[in-house]
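1. Structure for the following, please:
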Amino acid sequence: MAKSFVKRTVHTVAEAFQNCLRRFPVTVCFVFALTGHLIYLCAVDGKASDNKLLYTFSYYLSVGTLLSLTLHLWSEEMKKKTNKVITHLIGHALLLGDTYFLYIQSPEQSWTEIIIAHSAAILALGLSVFFLSFFREKDDVPSWNFALSSLGAFVTANVMGSIMSGGTCLLLFSLHQLFNLRIEAKGYVYILILCNVLLAMMLFLGLLPKGEAKHDRRPLAGSFLNTAAHYLFLPLIAAYLLVLYAYGAKILTSWELPDGWVSWLVTALMMGCIAIEFSIYPTRMALSGKWDERIARWLPMLVLPLLVLMSVGIVRRFNDYGITVNRLYLAAFNGWCYLVCLGLSVTKARRINWIPISFSTIFLLTSVLPVNFASITRNTLQRDIRQSMAQIETGRLPFSDRQYEEWLKTLPEETAKDINGKLDYMKYTFGWESIRDFVKKDVDLYNKVETESEKTAILTCSFNDTTRPMEIPEGYTRFIGDGRQETFFFSAEECRTGTLAVPLNRWIEDATDSISIDIKTLEKWDKERESENVSPVRINSKSGKYVFYMTYFWYNPRTDKDSSLQLNGYLFIK
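-> Prediction:
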């Protein structure tokens, strides 16, 4: 009996694997390659002689798995084998070209545009799994059923994979506890990869509907989602509508602009409206109930006026804070919401697949093309800054830190804050290359525009002379040094003495010695920080047993609380 059961099990597993291999041969190859690659990454701790190649290959295998799946599903609708082969060749050739493009990019350049563009492309690729095979259908019921079955298969496969990985890891841990067999931590990771990637993906591929089940045109009239839409989602959406219409009446009577928070509520309302449209769609197609038809047509019309609140909030943010990548995408999302509400109302929601497809298309077009939201933002901000610096002699640019501070002082405070904010945003979003024409690389833009007392109070300098080796003090044989910055606090009374006593117990435990730093000397070093190379400063300890070479300091004297001093350097010991 047991032998027969084992044979049937092995035969079933082998048959399932053969079915996957026959239906999705390229995808199965990618899944096995991805599994092996992840195991290799774990074995080498994610490090290799060429890390860029390693992680670019990770991208290729991950996206290749998704691409091959959608191409297989799409090619099932093609009758000619030649068309199937050409489709796969073109798709994978494009992926190889994209992977090579990523590999030749410099790690130091800005990846904002690249990441956004690839995110949009991967989203479009993921959605194509559910919709590409059904564009010839008369309605969206087959694709709706396929998407629901696929998502159910994905959840089932991952639950089974998690159960298997958890059970196997528990068994291995039991061997360690009961028989004292030492299991390396990587062994558990290998099991997680095999069960949660290889096994889960193979189960998922095997559970995907095929043949007539793939194009199941029978609407699921009594689905759980339909019940949830009527008795859970609709009351919640009604509450959102009530609150937002009440708030709209409030701001109209008081004649004030809407609060920025209202955009989040409108977004949630819009997502709820779309969720209801998808949830009741099969029931509407099966029963054609008047109540569901009214919901499908008039709910978007009730949401439509509230989108104006979101639009006003977006315009206000553009006027107050200027252009950013996120605000452009938010404006595009707002426009897409208008399109969805009007489209559902005009077409009486007879088709719904166009909703996610249009979202993905807009995201793709505004991200992948040479002129995209990221490039528009970067070029607009650069043009604004050039106009602000138009009166500056060309030879003075790019500014050093001191020159930049002095120039900001000549501007009105609001103008200075606006320019510094734009430079700071561009450096953070697009990298230093986007502002290299305006300021040097070592210019600190964070909180550059402050009150006059704050601007003149903070002292800082980095001693970074790399042209000559640092001299080892005579008689000293050891040193302590790391990249960590130590912070010390001093009371107002201690600062009034003009000398800061820095204890050495941060570097040497139980040390009672200290070094003394004169505040006027800090002011002197702060003025010298414009030099290209400033040698580390030597400071002898009070007892003479230690020598501290300072490589960086940042001093912030305060009147409302303790002043702070950040130090970095090397402590030499006899």
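2. use CA for all of it now, contacts and neighbours both
-> OK.
3. mind exporting stretch 316-333 as CSV, just the C-alpha atoms?
-> Extracted C-alpha coordinates of stretch 316-333, given in CSV (Å, rounded to 0.1, in the frame of the first residue of the first chain):
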residue,chain,number,x,y,z
ARG,A,316,-1.7,74.8,-4.7
ARG,A,317,1.4,72.7,-4.0
PHE,A,318,2.8,73.6,-7.4
ASN,A,319,2.4,77.3,-6.7
ASP,A,320,3.7,77.1,-3.2
TYR,A,321,6.6,74.6,-3.6
GLY,A,322,7.3,74.3,-7.3
ILE,A,323,7.7,71.3,-9.6
THR,A,324,8.9,67.9,-8.4
VAL,A,325,8.8,64.4,-9.9
ASN,A,326,6.2,63.2,-7.4
ARG,A,327,3.9,66.2,-8.0
LEU,A,328,4.0,65.6,-11.8
TYR,A,329,3.0,62.0,-11.3
LEU,A,330,0.3,63.0,-8.8
ALA,A,331,-1.1,65.5,-11.4
ALA,A,332,-1.1,62.7,-14.0
PHE,A,333,-2.8,60.4,-11.6
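4. what does it rub up against?
-> For stretch 316-333, contacts defined as C-alpha atoms under 8 Å, 6 or more residues apart in numbering pick out 311, 314, 362, 373, 374, 377, 380, 381.
5. Return the list of helices and strands in contact with the host helix or strand of the fifth one.
-> Read that as residue 374. Using DSSP states H and E, residue 374 sits within helix 373-388. Where contact means 3 or more C-alpha pairs under 8 Å, 6 or more residues apart in numbering; DSSP states H and E, helix 373-388 is packed against helix 112-131, helix 325-347, helix 354-368, helix 413-430.
6. The same query, at a cut-off of 7 Å, please.
-> Under the contact criterion of 3 or more C-alpha pairs under 7 Å, 6 or more residues apart in numbering; DSSP states H and E, helix 373-388 touches helix 325-347, helix 413-430.
7. Kindly provide the distance from the closest residue to residue 96 other than its chain neighbours to residue 33.
-> Excluding its sequence neighbours, the residue lying closest to residue 96 (C-alpha to C-alpha, 6 or more residues apart in numbering) is residue 60, at 7.5 Å. Using C-alpha to C-alpha, to the nearest Å, residue 60 is found at 11 Å from residue 33.
8. Between these two, which is the more surrounded one?
-> residue 60 (20 against 17; other C-alpha atoms under 10 Å).
9. Can you give me the separation between the more buried one and residue 48?
-> 17 Å.
10. Which parts of this structure belong to which domain?
-> 13-207, 224-369, 387-449, 459-573 (automatic domain parsing).
11. Dump these into a markdown table; add mean pLDDT as well.
-> Output for those, formatted as a markdown table (pLDDT from 0 to 100):
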| stretch | mean pLDDT |
| --- | --- |
| domain 13-207 | 91 |
| domain 224-369 | 90 |
| domain 387-449 | 85 |
| domain 459-573 | 79 |
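12. possible to save those as TSV with distance to residue 215?
-> Formatted as TSV, these follow (distance: least, C-alpha to C-alpha, whole Å):
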stretch	distance to residue 215
domain 13-207	5
domain 224-369	14
domain 387-449	45
domain 459-573	61
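13. Helix 112-131 and the lengthiest helix in the chain, what's the angle between them?
-> Looking across the chain with DSSP state H, the single longest helix is helix 141-179. If you take axes from the mean of the first three to the mean of the last three C-alpha atoms, to 10 degrees, helix 141-179 sits at 110 degrees to helix 112-131.
14. Make a PyMOL selection of whichever of the contacts of stretch 316-333 turn out to be buried.
-> Selecting only the buried entries of the contacts of stretch 316-333 in PyMOL, with 16 or more other C-alpha atoms under 10 Å as the criterion:
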select buried, resi 311+314+373+374+377+381
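15. wait, which of the contacts of stretch 316-333 is closest to residue 166?
-> Lowest distance from residue 166 to the contacts of stretch 316-333 (C-alpha to C-alpha) belongs to residue 362, with 41.4 Å.
16. could you measure that closest one against residue 428, distance?
-> 25 Å.
17. for residue 400, same thing?
-> In terms of C-alpha to C-alpha, residue 400 sits 18 Å off from residue 428.
18. Compare neighbour counts for these two and give me the winner.
-> Using other C-alpha under 10 Å as the criterion, residue 400 and residue 428 rank with residue 400 on top: 19 against 13.
19. quick one: contacts for the more buried one?
-> Going by C-alpha atoms under 7 Å, 6 or more residues apart in numbering, residue 400 touches 439, 440, 443.
20. Hmm, residue 402 and the first one touching each other?
-> It stands for residue 439. No. Counting by C-alpha atoms under 7 Å, residue 439 does not reach residue 402; the two are 10.5 Å apart.
21. Let's verify residue 558: helix, strand, or coil?
-> coil (DSSP: H, G, I helix; E, B strand; the rest coil).
22. The helices and strands packed on helix 373-388: which one's closest to residue 42?
-> helix 413-430 (31.3 Å).
23. Spatially central residue for this structure, please.
-> residue 115 (8.5 Å; C-alpha atoms, centre = their mean).
24. Excluding sequence neighbours, find me the nearest residue to residue 478.
-> residue 573 (5.2 Å).
25. Count the neighbours of that neighbour for me.
-> 17.
26. where exactly do the strands run in the stretch 451-574 of the chain?
-> Secondary structure of the stretch 451-574 of the chain, counting by DSSP state E, counting those that start in this stretch: strands at 459-462, 478-481, 486-490, 499-503, 514-518, 537-540, 546-556, 563-573.
27. In CSV: these, plus distance to residue 366.
-> CSV is the format used below for the strands of the stretch 451-574 of the chain (distance: least, C-alpha to C-alpha, whole Å):
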stretch, distance to residue 366
strand 459-462, 42
strand 478-481, 49
strand 486-490, 46
strand 499-503, 55
strand 514-518, 55
strand 537-540, 52
strand 546-556, 43
strand 563-573, 44
